[in-house]
Every structure is written in structure tokens, then in C-alpha cells.
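K.L.:
generate coordinates for the sequence data below:
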Amino acid sequence: MPTQERTKIMGVLNVTPDSFSDGGRYFDHEAAIAHGLRLVNSGAEIIDVGGESTRPGSVRVDEDEELRRVIPVIRELAAAGAVISVDTMRAKVAEASLGVGAHIINDVSAGLSDPTMLTVAAETQAPVVLMHWRGYLDRVSASFHYDDVVAEVISELKTRIDEAIAVGVEHGNIILDPGLGFSKNAEHNWQILAALDDFAELDHRLLVAASRKRFISTLLSPEDPMLTPEAAKDQATAAITALSAKAGAWAVRVHEPTTSAIAAKVVDAVAAHGRPAGAPVRPAGAAVRPAEAPVPPAEGEA
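P.N.:
Model prediction:
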């Protein structure tokens, strides 16, 4: 496993009219830039800028429109000092975004949508997020069938890792995302979250992206997930951030950074105060002697 650092907060910035959570709120460039800066001020260390929705039923935009949406926003936020990842499945959009200041490629298709994406990552030496997804399938049920979701997702991610390394992506530049909500139902998502330690053992940085997804809403409001308040979804997301941080995740992708940043900070503080491996365990009920107190002599030693 890579050396553990404090889990980073990646803030979501959708420059789209139709994303599932906040589509249309930041479609205007000025509104998007202002929100990106708010995310930074609220604790986000990375801003993930996307110009194309991947919600179920969404229609793909053309390349020129995606570029029009994201490039001005990335340029301005990068100029302000923000660390930017670009959420795209197109190699040309990734390359253009890196050219105006983006630092990371976040490809939900892991290079399957555009076969030149991994080559761009290799040539630019940019870190690249490879997310598990079985793509836009005509039969939705087919995308949800797993005999063992954890084992199969790990196996399919390993295939994408091999493809990336084969075209020259450096091992240390690969970040994995198990793809919560993509080609998975609620039960699959919870199983993956229960097995985050297994993903963290893959020897690559791990990104967990659960924020405001439907499986959270179905947990909180099973009768009608659409009625789940946004604040409640963000609170549940912060709990998942804590679980992810405890498992050693490199980052979590969230819409509301403040509560997740606090959760990650608490987990980091607990980890920093843990007992070193091999340290003796004090018996229950044993008195704790102040370090500076003199040790009384044993009987007969005076």
C-alpha cells in the first residue's frame, strides 16, 4: 500500500445543465468559477471540473461543447492557485485541460471510452483516475450482475491498470476509483464500502466518490429517495469519508467539503495517537504513573 497521508478532499464542480445533484447551478462560467473558489475556501484541496453528466439517461455532449464548458473555468481556477482534476472521457478534453492548468485526469471509463486517453496520461505524465464502470449498456440489468462484486471490480480494475502501464503510464500516477453507483446497485455499493481495505491494498492511491448518490438516499428515505434533504446526504457522505480515511483512501470526491474535511481531520488525529505496533498493552485498571514521578525503591533498597 502507498505511504498513508491524510485523506484529501476533492470538491465536485459540474459545469453542466443536467448533472444528478447540482445540474444547472454552475453552468454559467462566472458562477462555476465562484463556486470553485468557495469549494477551496470550504476545505477542498482538489477541484474536479466536469462538463458532461454521467447520470443515468444522460445524453453525451459533443467535444466542442465540453471544451467550451470546462476550459475557461479550469484556466481561471488554476490561475487562482487551485489544484484541478478534469472529469472527462475524452483525450482531447483532458489534453486541453492540462494545457491550461489542470493537474489530474479523472476518467470514469478508465480509458475505455477513448482509447487514446491512457496515451495522453502517459505522454503528459499526469496522474490519472481509473474508475470501474461497465459503460453505457442497453440492458441495465446486465450492468448490475456480479457473482462477487468486490472480487470482480478488483479484477476489472487490474485489467485497466495493466492497460495503462502497457502504454507507459507510470505506476505511481495511477489512482483507482471503485465506481460507486456506476454499473452497481445499492447492495453492491455497500459491499464495496465494507471492503475498502481490499481496494487500498492494490498498491495504488484510492479515490472514493459516494457524495449524494442514490444509494445514500435510499438508505435515508427508503419510501421515497427523492425526498432526502441535501444536508442529510452530505452528513451521510461525511460518514463515508471517515470510513474511507480509516481505510487509507487518498481522496474522497464530495459536493460539500466542510463536513468531510472535518471527518478526515478527526480520523487523522485518531491515527496519529494510536499505539505503535508492538507497544505493550497496559492491563485494565492499572494505574498510570506520571512520567516525571520518581519510582519508589523496592523493599530493602534504600
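
K.L.:
neighbouring strands of the longest strand along the chain in the sheet, and parallel or not?
P.N.:
In the chain, assigned by DSSP state E, the strand with the most residues is strand 8-14. Take DSSP bridges as the rule and strand 8-14 pairs in its sheet with strand 46-50 (parallel), strand 251-254 (parallel).

K.L.:
now those strands in TSV, with mean neighbour count?
P.N.:
All C-beta spots, glycine's among them, are computed from the backbone N, C-alpha and C. Listed next are the strands paired with strand 8-14 as TSV, based on neighbours: other Cβ atoms under 10 Å:
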stretch	mean neighbour count
strand 46-50	25
strand 251-254	28
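
K.L.:
how about those in JSON lines, adding mean pLDDT and distance to residue 175?
P.N.:
Shown next, in JSON lines, are the strands paired with strand 8-14 (pLDDT from 0 to 100; distance: least, Cβ to Cβ, whole Å):
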{"stretch": "strand 46-50", "mean pLDDT": "97", "distance to residue 175": "11"}
{"stretch": "strand 251-254", "mean pLDDT": "98", "distance to residue 175": "8"}
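
K.L.:
let me have these in TSV, extended by distance to residue 75.
P.N.:
Converted to TSV, these look like this (distance: least, Cβ to Cβ, whole Å):
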stretch	distance to residue 75
strand 46-50	10
strand 251-254	22
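
K.L.:
what's around the residue nearest to residue 170 when sequence neighbours are not counted, how many residues?
P.N.:
Nearest non-adjacent residue to residue 170, counting by Cβ to Cβ, 6 or more residues apart in numbering: residue 125, 6.8 Å away. Using other Cβ atoms under 10 Å, residue 125 has 13 other residues around it.

K.L.:
I figured residue 125 hits residue 168, correct?
P.N.:
No. With contact defined as Cβ atoms under 8 Å, residue 125 does not count as touching residue 168 (9.1 Å).

K.L.:
pLDDT below threshold where in the stretch 51-200 of the chain?
P.N.:
Applying pLDDT under 70 to the stretch 51-200 of the chain flags the ranges 55-58, 136-143.

K.L.:
helices of that one, residue ranges please.
P.N.:
63-79, 91-99, 117-124, 140-143, 149-166, 186-194, 196-200 (DSSP state H, counting those that start in this stretch).

K.L.:
format those as JSON lines; extra columns: distance to residue 264 and mean neighbour count.
P.N.:
Listed next are the helices of the stretch 51-200 of the chain as JSON lines, based on distance: least, Cβ to Cβ, whole Å; neighbours: other Cβ atoms under 10 Å:
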{"stretch": "helix 63-79", "distance to residue 264": "22", "mean neighbour count": "20"}
{"stretch": "helix 91-99", "distance to residue 264": "26", "mean neighbour count": "22"}
{"stretch": "helix 117-124", "distance to residue 264": "26", "mean neighbour count": "21"}
{"stretch": "helix 140-143", "distance to residue 264": "31", "mean neighbour count": "11"}
{"stretch": "helix 149-166", "distance to residue 264": "23", "mean neighbour count": "16"}
{"stretch": "helix 186-194", "distance to residue 264": "16", "mean neighbour count": "18"}
{"stretch": "helix 196-200", "distance to residue 264": "14", "mean neighbour count": "19"}
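
K.L.:
could I get the ones you listed in a markdown table, plus columns for distance to residue 28?
P.N.:
Shown next, in a markdown table, are these (distance: least, Cβ to Cβ, whole Å):
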| stretch | distance to residue 28 |
| --- | --- |
| helix 63-79 | 10 |
| helix 91-99 | 19 |
| helix 117-124 | 28 |
| helix 140-143 | 33 |
| helix 149-166 | 35 |
| helix 186-194 | 32 |
| helix 196-200 | 37 |
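
K.L.:
can you give me the strands in the stretch 101-250 of the chain?
P.N.:
Remark: strands assigned in the stretch 101-250 of the chain by DSSP state E, counting those that start in this stretch are 104-107, 128-131, 174-177, 205-208.

K.L.:
pipe those strands into JSON lines and attach mean neighbour count and distance to residue 96 per row.
P.N.:
Conversion of the strands of the stretch 101-250 of the chain to JSON lines gives the following (neighbours: other Cβ atoms under 10 Å; distance: least, Cβ to Cβ, whole Å):
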{"stretch": "strand 104-107", "mean neighbour count": "27", "distance to residue 96": "11"}
{"stretch": "strand 128-131", "mean neighbour count": "26", "distance to residue 96": "15"}
{"stretch": "strand 174-177", "mean neighbour count": "24", "distance to residue 96": "21"}
{"stretch": "strand 205-208", "mean neighbour count": "26", "distance to residue 96": "22"}
